[in-house]
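> I need the structure of the sequence given here:
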Amino acid sequence: MEGAFQLEELDGAIALLTFDVPGQKVNTFSRAVRQEIEEIVAQLETRTNLNGLLFTSGKPGQFIAGADLNELGALIDAPRETVTEELAVGHALFDRVSRLPFPTVALIDGPCMGGGTELVLSMDCRLVSDNCKTKIALPEVKVGLIPGWGGTQRMPRLIGINAAIDMICGGAPISATRAVELGFAFDAVPADLLIDEGRRLIGIVREDDQWQADRQTRNQPLGLSEDQANFAFAVAEGHVAGKTKGQYPAPLAALRAMREGVNLPLAEGLAVERKIAMEVTGTPISAGLISVFFMTTALARDRGVDNPDVQARSVSRVGVLGAGLMGAGIATAHARSGVATCMVDVDNDRIGAGLASAEKVVGGRIKVGRATPQDMASMLACMNTSTSHAPFADCDVVIEAITENEEWKTAAYKQMTPHLRDDAILASNTSTISITRMAEAAPHPERFAGMHFFYPVDRMQLVEVIRGEKTDDETVVTLVELARRIRKTPIVMKDCPGFLVNRILLPYMNEALLMLIEGASMDAIDKASLKFGFPMGPIALHDLVGLDTACYAGQVMVNAFKDRAVQAPLLAELVEAGRMGKKSGAGFRQFVGRKSRPQADPAFDTFLAKHRTDEREFTSEEITDRLLLPMLLEATRILEEEIVREPGHVDMGLILGIGFPPFRGGLLHWCDSEGAGVLADKLAKYSSLGKRFEPTDSFTQMVKNDGKFFPRG
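Numbering: from 1, shown residues only. Presented below is the predicted three-dimensional model:
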């Protein structure tokens, strides 16, 4: 079997070790890879005649992606002894690398992640390529873990405690330039000069044996004074706790590993790291986040169709009909990604407002340092506007994004038809209206689909790609690739009322209103949702999306699912009174001040009093049950109807579309974690509330067989 490493000797008694896992696009650390490198290290430990070692990747632009995905997934159910052994083996290996009898230099070209970063931290020096793809990260906290192979101890000793806290507790990558600024890397050079510059660096560090002195320093305590340590960690702990809201323990665990270990000798600090790493490995939160990682990876490869031979059409120009908040957001997303875009609306006032919205998006990013004035210029250069449909004549894809009214949308298709290319794809940004039905008004139903973006477009990653009964595979694949090109995550689904996200979300939102009528307070409902991990409660969400929008979407669900959908009349009455939520200044709450902060509104009590049927208090558990169980049952119906092709699409749709807490792994992963039998018992408590709490056939079968949506081996 071909190995992952090739060891050769260059002139000047310098060894070159090249890492290149056969048959993989990226290098990852599997158990087999670690065993192989252990054997090579054993050879090198005896080579006192070498002047140095260069470590490089055999995959240009790809250094080390981190842990092997399958072995990462195995951590979810691994016995404690196995996890302990894995941590100890990694520590022992990297300790041996750090003690090789000659200076070692890592040559990093491309992403260097997780265990790869911990490996190069055990070496004496690092050179990075000036390739824009070169990124350095310790992202373990994003999957509920901490860097467990020395990262929490070696990184602070190399770049200082504050920079290390930022890298480790945030998990975000740094650029090659930043790596040099922090002292992580000696220099950034062109990729084709890495080996030559590495050889030169070995010569420099050997001149005065500085490499040996540096090793001794890095094995000692960091030497923070009590005041320095107290200040650094107190500030960091407050910041991390504020961002994680106590729901993500890994960043705080990583912080504790640093706090307790960096002022000890390195060997003792590593022992602290191993102990704390065991506390977060294999927990339900880590399991949930690792599952999200797997689902994200799978979704990034999903083309939306089963036929692998179907190819996406080339898209060089996109048209967007509508310059409102959604249309302008969609046009901006394309233009920001370098896609030539034409935004069309009926008059120059609407066009002007759409352009102002586009500029506000990029301007906001410039203010926080995530974009440059050049990005603004590039976006505007890709954006054309018109009050005529004529520019659609040279568009490969046209996305309709006008008001959510089926009559208006279908009328627009007929008006556009004379201006569209015969082979153009037409997509509708609709959240509720049947794609199959609207396709009858489209010039070519086979090239008509839904492309549902979420508001605000610049922040929301999800795009639902909805295929009607006549939509062909080429159209689906083309829209999927287009969504990825503008940095969105597409999920393909069949046409149905509410599609995926809204069909599951609306029972959650409606149940909140029903509990409000039954006596629960708005604050109690929202607090229970926040406690579960949602970014905002369902009452606050009503006010944000607009009560008119929620009312219309709710009516769609009532019409489609009369057996179980119950619409609260309170909502329609508020809309009729002009209380649309934040956009009108009042809804369930009132919005006051320059920042439109929500406050209790006494005027709302008059509306609620007409509909209140009880005054009882609800426990947090009852509120959570009532909100989540109807969502779960609707998700099982979606799977029964094969609206999406796999359970992971349900979970990722809700995580990306409504902010379902990622640490729970998604709605269906949450069900697996709780146990279908446990949730069935809870459903029985609410059976008197009707069909919406009646278990579906598939869920009943799951309970009977002790099944799971995501069986694990």
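> Could you check the pLDDT of Met1?
pLDDT for Met1: 49.
> Just checking, which helix or strand succeeds the helix or strand where Asn162 lies along the chain?
Using DSSP states H and E, the element containing Asn162 is helix 161-170. Remark: after helix 161-170, the chain's next helix or strand is strand 174-175, criterion DSSP H and E.
> Name the residues that touch stretch 601-610?
Contacts to stretch 601-610, defined as Cβ atoms under 8 Å, 6 or more residues apart in numbering, come from residues 516-517, 570, 573-574, 577, 579, 586, 588-590. The C-beta positions use only the backbone N, C-alpha and C, and glycine is treated the same way.
> one more time with 6 Å, if that's ok
574, 586, 589-590 (Cβ atoms under 6 Å, 6 or more residues apart in numbering).
> can you tell me the average pLDDT over that stretch?
According to the model, stretch 601-610 has a mean pLDDT of 94.
> Extract the CA atoms of the helix holding Asn162 and return them as CSV.
Coordinates of each C-alpha in helix 161-170 appear next as CSV, following Å, rounded to 0.1, in the frame of the first residue of the first chain:
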residue,chain,number,x,y,z
ILE,A,161,-1.7,34.9,25.3
ASN,A,162,-4.1,37.5,23.9
ALA,A,163,-3.6,36.5,20.2
ALA,A,164,-3.8,32.8,21.2
ILE,A,165,-7.1,33.3,23.0
ASP,A,166,-8.5,35.0,19.9
MET,A,167,-7.4,32.1,17.6
ILE,A,168,-8.4,29.3,19.9
CYS,A,169,-11.6,30.5,21.5
GLY,A,170,-12.9,32.0,18.2
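> on contacts alone, who are the packing partners of that helix?
helix 226-244, helix 249-261 (3 or more Cβ pairs under 6 Å, 6 or more residues apart in numbering; DSSP states H and E).
> Turn those into TSV, columns for mean neighbour count.
Putting the helices and strands packed on helix 161-170 into TSV (neighbours: other Cβ atoms under 10 Å) gives the following:
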stretch	mean neighbour count
helix 226-244	14
helix 249-261	24
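> Where among the ones you listed is average confidence lowest?
helix 226-244 (a mean of 90).
> on contacts alone, who are the packing partners of it?
Here helix 226-244 touches helix 161-170, helix 249-261, going by 3+ Cβ pairs under 6 Å, 6+ apart.
> angle of the helix or strand following the last one against helix 249-261?
This points to helix 249-261. Remark: after helix 249-261, the chain's next helix or strand is helix 266-280, criterion DSSP H and E. Relative orientation of helix 266-280 versus helix 249-261 (axes from the mean of the first three to the mean of the last three Cα atoms, to 10 degrees): 160 degrees.
> of all the contacts of stretch 601-610, which comes closest to Ala277?
Arg589 (43.8 Å; Cβ to Cβ).
> Run a quick neighbour tally on that closest one.
When neighbours are defined as other Cβ atoms under 10 Å, Arg589 has 22 of them.
> Poorly predicted segments of this structure, please.
Residue ranges of the chain with pLDDT under 70: 1, 713.
> sorry, back to before: buried residues in the helix holding Asn162, which are they?
Of all the residues in helix 161-170, those buried under the rule 16 or more other Cβ atoms under 10 Å are 161, 163-170.
> Same question for stretch 69-89.
Applying a neighbour-count criterion of 16+ other Cβ under 10 Å, one finds 71-76, 78, 83-84, 86-87 buried in stretch 69-89.
> And stretch 3-16, by the same measure?
Neighbour counts over stretch 3-16 (16+ other Cβ under 10 Å) mark 4-5, 14-16 as buried.
> so who does Leu505 touch?
So Leu505 contacts Ile658 (Cβ under 6 Å, 6+ apart).
> domain ranges for this protein?
For the chain, automatic domain parsing gives the domain ranges 5-282, 317-495, 502-704.
> Reformat the ones you listed as a markdown table; add distance to Phe294.
Shown next, in a markdown table, are the domains of the chain (distance: least, Cβ to Cβ, whole Å):
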| stretch | distance to Phe294 |
| --- | --- |
| domain 5-282 | 6 |
| domain 317-495 | 14 |
| domain 502-704 | 8 |
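> which stretch among these comes nearest Phe293?
Once these are compared by Cβ to Cβ, domain 5-282 is nearest, at 5.2 Å.
> Give me the distance from the closest one to the chain's centre.
Relative to its chain's centre, domain 5-282 lies at 24 Å (Cα atoms, centre = their mean, to the nearest Å).
> how about the closest residue to Gln43 other than its chain neighbours, secondary structure?
Excluding the flanking residues, the one nearest Gln43 by Cβ to Cβ, 6 or more residues apart in numbering is Leu7, at 7.5 Å. Classification of Leu7 using DSSP: H, G, I helix; E, B strand; the rest coil returns strand.
> Is Leu7 in contact with Leu17, as I believe?
Yes. Taking Cβ atoms under 6 Å as the definition, Leu7 is a contact partner of Leu17 at 5.2 Å.
> so Ala565 makes contact with Val556?
No. In this structure Ala565 lies outside contact range of Val556 using Cβ under 6 Å: 9.2 Å.
> And the helices in the stretch 1-150 of the chain?
Per DSSP state H, counting those that start in this stretch, the stretch 1-150 of the chain carries helices over the ranges 31-44, 69-74, 80-98, 115-121.
> cool, the stretch 501-650 of the chain as well?
501-518, 522-532, 538-545, 547-560, 569-576, 602-611, 620-640, 647-658.
> I'd like to know which elements the last one is packed against.
When contacts are defined as 3+ Cβ pairs under 6 Å, 6+ apart, helix 647-658 sits against helix 284-301, strand 489-494, helix 501-518, helix 667-674.
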